[in-house]
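Asks: Can you look at this prediction? I've put the sequence above it.
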Amino acid sequence: MNLGFSIKDIRNRRGLSQAALAQQCETTQEYISNLERGKQTPSKEMLDKISDVLNVPAEVIYLFSLDGENVPEDKKSLYESIVPQFKEALEELFELKD
């Protein structure tokens, strides 16, 4: 799971800079950078602010961060057949297509 990568991906799709996201979340660009690089984990309150600014539910940020590393070997094929389609549907639903 890479929550920071998910935040960065959605931020980029929304056309926001780190500085703009930070300003709208009332934090620093350095903090956003640290989140996106996995050096920090956002509090629930900060994740809620970020999700509001990015106009997606926090749950979508979590779902986009799924990478399958913790999926049991015997469930990987199921994971690989479901998750890409699910993420694609979320991209369309929340207008995150590139």
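Replies: Arrived safely. Here the structure is a predicted model, which means the values were calculated and not measured.
Asks: Please tell me the pLDDT value assigned to residue 98.
Replies: Residue 98 carries a pLDDT value of 64.
Asks: Number the residues from 19 up from this point.
Replies: That works, and once the first residue is 19, the last one we named lands at residue 116.
Asks: Show me which positions of the lengthiest helix in the chain end up buried.
Replies: If you go by DSSP state H, the chain has its longest helix at helix 94-111. Buried residues in helix 94-111, counted by 16 or more other CB atoms under 10 Å: 108-109. From N, CA and C alone the C-beta is placed, and that goes for glycine too.
Asks: got a pLDDT number for the residue lying farthest from the centre of the chain?
Replies: Farthest-out residue of the chain from its mean C-alpha position, per CA atoms, centre = their mean: residue 92, at 26.5 Å. On the pLDDT scale, residue 92 is placed at 94.
Asks: tell me the contacts of it?
Replies: For residue 92, no contacting residues are found, by CB atoms under 8 Å, 6 or more residues apart in numbering.
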